[in-house]
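J.: need a 3D model of the sequence below.
(one chain, ligands or ions: 2)
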Amino acid sequence: MEVREQWGTRAGFVLAAVGSAVGLGNIWRFPYVAYDNGGGAFFIPYLFALLTAGIPMLIMEFTMGHKYRGSAPLTYLRLNKKTEWIGWWQVAIAFVISTYYSVIVAWAMAYAYFSLGLQWGNDPGGFLMGEYLQRVDIVNGAPIGSMGSIVPGVLIPLILVWVISLAILFKGVKKGIENANRIFIPLLLVMFIIIVIRALTLDGAMIGLEALFKPNWSEIASPKVWVAAYGQIFFSLSIAFGIMITYSSYLPKGADINNNAFIAAFSNSSVELLAGFGVFAALGFMAKQANLPIEEVATAGIGLAFVVFPEILNSFPGFNGFFGLMFFGSLVFAGLSSLISVVETFVAAIQDKFNLSRVKAVMIGGGLSSLVSILFATQGGLFFLDVVDYFINTFGIALAGLVSVITVSWFLKKLTSFQDHANLTSDLRTGLWWKVCLQIVTPGVLGYMFILNLMDNLK
Ligand code: PHE
Ligand code: NA
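T.: Ligands and ions are numbered 1, 2, ... in the order given. Okay, here's the model as predicted:
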């Protein structure tokens, strides 16, 4: 059995946790969710969700990893002989996410390259669905480049994404993950701040900001808005996939769990706020250029990044290639650092379970996920991806979070001992609120979310 690896420094762990949290969800999910759920008024349910579920759950996961020093399954096994399966369930979610998250990062990489020459032409939507994705439809046997343009297919960036991620994971926790995040996070911040500042100075930026921040108070009484806030917080903080358990299992003995959780959570929210400014400023510019109401251009996800953003770049005043590179570069670095954390989650699980070396575990876990990811690198994959992503978000996360929090707080009654464990090393001590949140608020909201989603699907 190898000695368990450790982070080299406290900052290294915090950067890695922030690297996992800050991802596509911050950049392309948060702004639209806020806009769509009450605008400025959304910040109340959002802050509430952060303080009553996000941070308490983060502290719980950090404590578990730190206390039991294992990947998610090993941690749940050490918690109680009967609960190992919860860890494997989380690992399974992480595995599924990695198979399509990697493909989106690959697209972002390809688009960073395309943006240098605005290769998507006048019709970015048509380009994405036609020229770009059809050319990589390996399921139907169309070879890359068969349509005779110089655009590289998604397969090449996908290979690159996997080579980079696995090379980092081969090197281990300190030399690999920690060092990579030390480079990725500052680079991401610099690129992202450049694009946000540029967006804020575009003509029409105010139209977008007004649309995003104008509070729609009538909406905050609606349960849908509260569910959206909790959903965003869970996804955004990478909670309930075993990721944060895995990362904190590499913490040294005296690590300050509570402070680290607050720092990671607030850094993640800061990037979301920044993204809100940047994305909606750019959308305001687009609305003004196209003479459309903001509702017609506001969107999220794949459509925002690979259709609307290229359109915005097409009409950018000057240096559009450079700003394209900054935007897609941000997506790449935000995505890579998150991808590495999900892959590490199942690599660590394989390593612990079968007592393998890191290199072998990375080869097995990474090899399997990268092979499956090819399925998503096709045109059909785009729709398939949407479906899988939807089910992972609505059922995987809510249900896995619910089961883990109920098990810890109600069945095993571990909250007091966990709280003592975390408070021992921190000058920031949690009190009664922490237990109330994990015993009542979080299970209540997650249970409600799950039932709501279920009824939505049965309709
Ligand atoms: N927290 C990441 C984000 O905001 C999402 C993520 C989910 C990362 C799952 C890793 C694993 O994009
Ligand atoms: Na996030």
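J.: output the strand or helix carrying E295 as PDB - backbone C-alpha positions only.
T.: Using DSSP states H and E, the secondary-structure element containing E295 is helix 294-297. Once side chains and other backbone atoms are set aside, the C-alpha atoms of helix 294-297 remain, and they are given as PDB (Å, rounded to 0.1, in the frame of the first residue of the first chain):
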ATOM      1  CA  ILE A 294     -32.700  41.100 -24.600                       C
ATOM      2  CA  GLU A 295     -35.100  38.100 -24.100                       C
ATOM      3  CA  GLU A 296     -34.300  37.000 -27.600                       C
ATOM      4  CA  VAL A 297     -30.600  36.800 -27.200                       C
END
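J.: in the helix or strand that that helix is followed by, what's buried?
T.: If you walk from helix 294-297 toward the C-terminus, the next helix or strand you reach (DSSP H and E) is helix 301-303. Of all the residues in helix 301-303, those buried under the rule 16 or more other CB atoms under 10 Å are 301-302. The way it works is simple: take the backbone N, C-alpha and C, and place the C-beta from them, glycine included.
J.: if you count contacts, what does the helix or strand following helix 301-303 end up packed against?
T.: Downstream of helix 301-303, the first helix or strand assigned by DSSP H and E is helix 309-314. In terms of contact count using 3 or more CB pairs under 8 Å, 6 or more residues apart in numbering; DSSP states H and E, helix 309-314 is assigned the packing partners helix 84-116, helix 124-126, helix 257-290, helix 320-354.
J.: packing partners for the shortest one?
T.: Based on contacts counted as 3+ CB pairs under 8 Å, 6+ apart, the elements that helix 124-126 packs against are helix 309-314.
J.: can you give the contact residues for the helix it packs on?
T.: Residues external to helix 309-314 that are found in contact with it (CB atoms under 8 Å, 6 or more residues apart in numbering): 111, 114-115, 118, 120, 122, 124, 127, 282-283, 285-286, 320, 323-324, 327.
J.: just give me the closest of those to S165.
T.: Taking CB to CB as the measure, S165 lies nearest Y111 of these, at 18.4 Å.
J.: can you pull the contacts of that closest one?
T.: Contacts for Y111 were tallied using CB under 8 Å, 6+ apart; they are 120, 305-306, 310, 324, 328.
J.: before we move on, back to that, Q6 is nearest to which of the helices and strands packed on helix 309-314?
T.: Nearest to Q6, of all the helices and strands packed on helix 309-314, is helix 320-354, at 13.2 Å by CB to CB.
J.: report how many residues lie close to the residue in the stretch 301-450 of the chain that ligand 1 sits nearest to.
T.: Here the residue of the stretch 301-450 of the chain nearest ligand 1 is S338; by CB to the nearest ligand atom that distance is 3.6 Å. Other residues near S338 number 24, with proximity taken as other CB atoms under 10 Å.
J.: mind listing what it touches?
T.: Contact partners of S338, counting by CB under 8 Å, 6+ apart, are 19-24, 101, 238.
J.: apply 7 Å and report the result again.
T.: Neighbouring residues of S338 by CB atoms under 7 Å, 6 or more residues apart in numbering: 19-20, 23, 101.
J.: this protein: strands as residue ranges?
T.: For the chain, none of the segments meets the definition of strands by DSSP state E.
J.: who in it is up against ligand 2?
T.: Along the chain, the residues adjacent to ligand 2 under the rule CB under 5 Å from the ion are 21, 25-26, 236, 268.
J.: just the ones of those in helices?
T.: The helices, defined by DSSP state H, take in 21, 236, 268 from those.
J.: which bits of the stretch 251-400 of the chain sit near ligand 1?
T.: For the stretch 251-400 of the chain, the residues in contact with ligand 1 (CB under 6 Å from any ligand atom) are 338, 341-342.
J.: closest one to K414 out of the contacts of S338, please.
T.: Using CB to CB, S20 is the member of the contacts of S338 that sits closest to K414, with 24.0 Å.
J.: what pLDDT is listed against the closest one?
T.: According to the predicted model, the pLDDT of S20 comes to 97.
J.: tell me, how many residues neighbour it?
T.: 27.
J.: gap between the residue lying closest to it once chain neighbours are set aside and G208?
T.: Residue nearest to S20 in three dimensions, not counting chain neighbours: S341, with 3.5 Å by CB to CB, 6 or more residues apart in numbering. Taking CB to CB, to the nearest Å as the measure, S341 falls 31 Å from G208.
J.: for L188, same thing?
T.: Taking CB to CB as the measure, L188 falls 22 Å from G208.
J.: tell me which of these two has more neighbours.
T.: When neighbours are counted by other CB under 10 Å, G208 comes out ahead of the other of L188 and G208, with 30 against 25.
J.: now do the same contact list for the more buried one.
T.: Taking CB under 7 Å, 6+ apart, we find G208 in contact with 280-284, 287, 294.
J.: just the pLDDT for it.
T.: Listed pLDDT for G208 reads 97.
J.: residue of the stretch 51-200 of the chain nearest ligand 2, please.
T.: Taking CB to the ion, ligand 2 has its nearest neighbour within the stretch 51-200 of the chain at G54, 10.2 Å off.
J.: correct me if wrong: that residue contacts A240.
T.: No - if you go by CB atoms under 7 Å, G54 and A240 don't touch, sitting 11.1 Å apart.
J.: count the neighbours of the residue of the stretch 51-200 of the chain closest to ligand 2 for me.
T.: The local packing of G54 (other CB under 10 Å) involves 28 other residues.
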